[in-house]
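Engineer: sequence and predicted structure below; questions after.
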Amino acid sequence: MISNQELRVLSIQSHVVSGYVGNKSATFPLQLLGFEVDAINSVQLSNHTGYKVTKGDILNDKNLSQLVDGLVANDLHHYSHLLTGYVGSASFLEQIAQLIPVLKKKNPNLIYLCDPVLGDDGKLYVPEELIEIYKKKIVPLADIITPNQFELELLTDKKITTIDDVKIAMKYLYEQGPKTVVVSSIDINDDLTAIAGKSKDEKMIKIDIPKIPLSYVGSGDLFAALFLAHSTLQSNLKEALEKTINTLHAVLLKTMENVSVYQNRNAQEARKKELRLIQSKHIIENPPMKLKADLL
C-alpha cells in the first residue's frame with residue numbers, strides 16, 4: 001500500500017467549464033480521498049454535449065507534448081498513478097501512448113488506469129479510428145482498464161449477451177496486458193451488474209446494482225476515479241469494488257433527489273441532471289455500504 005505522501009495522479013481527460021464530466025468528475029473525489037491531482041484537459045468545452053450548444057476546443061498531440069515537456073523540464077513528472085479518460089483526437093491518444101513509458105521510467109511502480117471512453121449503448125462518442133489505437137497501443141500499456149459493456153465489445157471484437165461472454169472478453173483483455181479488468185456496467189436480461197477480476201486469479205467478482213431511472217453524464221468518469229482510489233486504499237479487489245459502487249450509487253441517488261432544485265428554474269434537462277458532487281462530499285468520504293460483491 002502506498003503512503004499518502006506518494007499519492008499523486010496525472011489525470012488526462014475532458015474538461016468542461018460548467019458541469020461535471022471528465023476531470024471535473026474525477027478531481028474532487030480523488031482529492032477528498034487523499035490524492036494530489038494534476039489535470040491535463042484533452043478537450044476544453046463550455047459544457048458537455050448533452051446541452052443544446054457546446055463550444056470549445058479539442059487538444060492535439062502538440063498541446064500534450066508541450067505540457068509534458070514542461071513537467072519533465074521541472075522534474076514534476078513523478079506520479080503514483082496515471083488516469084486517462086475521454087480523448088477527442090487520434091493524435092492526442094497516440095501521444096499518450098508515448099507518454100506512458102516516460103512516466104514509468106520515472107516511477108517504475110506507476111499504476112496506469114485506462115478508462116477507454118469510446119461510447120455506450122451502441123453509440124460511439126469518438127472518431128472510429130481511436131478504437132484501433134486503444135487496442136494496439138493503449139490497452140497493452142494499462143495496468144487497470146474499466147470499460148463498459150459496449151466498450152468491452154469494441155476492444156475485444158466479441159458480442160456480449162451473457163455473463164460467460166463477459167468472462168471470455170475479460171480473459172482476452174488480460175492477455176493483452178492489463179492486470180485488472182473492471183467492467184463498470186453490464187446490462188443483461190435487464191439486470192445491471194459490475195464485474196471485476198485480476199489476471200493472476202481465475203476468480204471474478206460481481207456486484208448487482210439497483211437501476212436508477214435516469215442516466216447521468218460523468219458517472220463513468222466518476223467510477224474510474226473512485227476505482228483508482230479504492231484499488232489503492234482498500235486491501236483487496238472485493239472491498240475496492242464495493243466502495244466504488246456504493247459511492248457511485250449513493251451519489252447518483254443524491255443527484256436524482258436534487259433534480260427538483262432546477263425544476264422551477266426553466267433549466268435545460270441536461271442542467272437538471274448534472275452530478276451533485278459537492279453536495280455528496282460526505283458520501284465520497286464515507287459511503288453507505290449497502291451493496292455487497294459476490295464471487296461470480
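Structural biologist: That came in fine, so what should we check first? Since the model is a prediction, treat every value here as computed from it, not as a measurement. Numbers count the residues shown, from 1 in each chain.
Engineer: tell me which residues are up against the strand or helix carrying Ser42.
Structural biologist: Element membership of Ser42, judged by DSSP states H and E, is strand 36-45. Contacts of strand 36-45 with the rest of the structure, by Cβ atoms under 8 Å, 6 or more residues apart in numbering, involve 7-17, 22-23, 26-27, 30-31, 54-59, 64, 67, 71, 76, 79, 85-89, 92. (C-beta placed from N, C-alpha, C; glycine too.)
Engineer: identify those among those that sit within helices.
Structural biologist: Counting by DSSP state H, these place Asn23, Ala26, Thr27, Leu30, Gln31, Leu64, Leu67, Leu71, Phe92 in helices.
Engineer: biggest separation within the residues you listed, which pair?
Structural biologist: By the measure Cβ to Cβ, Gln31 and Phe92 form the most distant pair in the ones in helices among the contacts of strand 36-45, at 24.7 Å.
Engineer: the two: which is more packed in?
Structural biologist: Shown here are Gln31 and Phe92; by other Cβ atoms under 10 Å, Phe92 has more neighbours (23 against 15).
Engineer: wait, that one sits on Asp61?
Structural biologist: Yes: the criterion here is Cβ atoms under 8 Å, and Phe92 meets it with Asp61 at 5.6 Å.
Engineer: OK, contacts around Asp294?
Structural biologist: Each residue near Asp294 by Cβ under 8 Å, 6+ apart is listed here: Ile205, Lys206, Ile207.
Engineer: measure the residue nearest the centre of the chain to Lys243 for me?
Structural biologist: By Cα atoms, centre = their mean, the chain has its centre lying nearest to Ala224, at 2.8 Å. Separation of Ala224 from Lys243 (Cβ to Cβ, to the nearest Å) stands at 14 Å.
Engineer: just for this protein, where's the confidence low?
Structural biologist: Within the chain, the ranges that satisfy pLDDT under 70 run 1-5, 259-267.
Engineer: again, only this time at 90
Structural biologist: The model of the chain has pLDDT under 90 over residues 1-6, 50, 121-122, 188-191, 200-203, 212-216, 256-273, 296.
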